[in-house]
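Visitor: What follows is a predicted structure for the sequence shown.
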Amino acid sequence: MPHVCARTHVSARLFPAMSAAAAAAFAASQVRDPDSKTFLMFYEAVAEDGSRSVGLATSEDGRGGWVRASQPVLTAAPGGSGAWDGGSVGSPCAVPMAAGRWRVYYAGRERQAGPWRGIGLALGTLERSAEGQFQLVLRRRTGSKGGAETEAPR
């Protein structure tokens, strides 16, 4: 099934704590999981200090009842690493794969502010917790010399 990353503008009713003005400026990528039939919304979250991360919310029907994950699903690379995405990550584009697996493409910044440096790929599997909430743990896909690829924690 082809997938195009489209931006979905959300309203304050999806995130009640968000003001109408903030919701109008907020854009997210919303995708339906082919296995669980649950809707997933990947969004760029901005913290009080201005750092950016990728958040996740799920909904049974895609129209309401959104439940946000308690932690970001993707954060900047560890501080001091000098990584191209060590300052901020954002602009998620999620692509569902077979067996609950996901690819999430994202933009990264070397510093918290400044130009976006590149596009990365994070891989993960969607799982349901004992409490019934969906969880997605992503791991960065990084290349190394010689063509071998390794995974690094989020």
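Guide: The structure has been received and is ready for your questions.

Visitor: Show me the helices in the protein, by range?
Guide: Ranges of helices within the chain are 20-24, based on DSSP state H.

Visitor: Low-confidence stretches in it?
Guide: Low-confidence segments of the chain (pLDDT under 70): 1-27, 80, 143-154.

Visitor: Any chance you could spot the residue sitting in the middle of it?
Guide: In the chain, the centroid-proximal residue (CA atoms, centre = their mean) is Val54; its distance is 3.8 Å.

Visitor: How many residues are close by the closest residue to Asp35 other than its chain neighbours?
Guide: Counting by CB to CB, 6 or more residues apart in numbering, Asp35 lies nearest to Gly100, which is 5.2 Å off, once chain neighbours are set aside. From N, CA and C alone the C-beta is placed, and that goes for glycine too. Residues contacting Gly100 under the criterion other CB atoms under 10 Å number 17.

Visitor: coming back round to it: the residue nearest to the centre of the chain: what's it in contact with?
Guide: Applying CB atoms under 8 Å, 6 or more residues apart in numbering to Val54 gives the contacts 42-45, 72-75, 89-90, 92, 104, 106, 138.

Visitor: change it to 7 Å
Guide: Contact analysis of Val54 by CB atoms under 7 Å, 6 or more residues apart in numbering lists Phe42, Glu44, Pro72, Val73, Leu74, Val89, Gly90, Pro92, Val104, Tyr106.

Visitor: distance of the spatially closest residue to it that is not a sequence neighbour from Ser53?
Guide: Nearest residue to Val54, sequence neighbours excluded (CB to CB, 6+ apart): Leu74, at 4.0 Å. From Leu74 across to Ser53, the span is 6 Å (CB to CB, to the nearest Å).

Visitor: Can you pull the residues that touch both of the two?
Guide: With CB under 7 Å, 6+ apart as the test, Leu74 and Ser53 both reach Val89.

Visitor: For stretch 79-97, buried residues please.
Guide: For stretch 79-97, burial by neighbour count (16 or more other CB atoms under 10 Å) applies to 83, 85-96.

Visitor: Now tell me what touches that stretch from outside.
Guide: Under CB under 7 Å, 6+ apart, the answer for stretch 79-97 is 3, 5, 29, 31, 33-34, 40, 42, 44, 51-54, 74-77, 102-112, 117-118, 120.

Visitor: Filter these down to just the buried residues.
Guide: By 16+ other CB under 10 Å, the contacts of stretch 79-97 give 29, 31, 33, 40, 42, 44, 51-54, 74-77, 102-104, 106-110, 117, 120 as buried.
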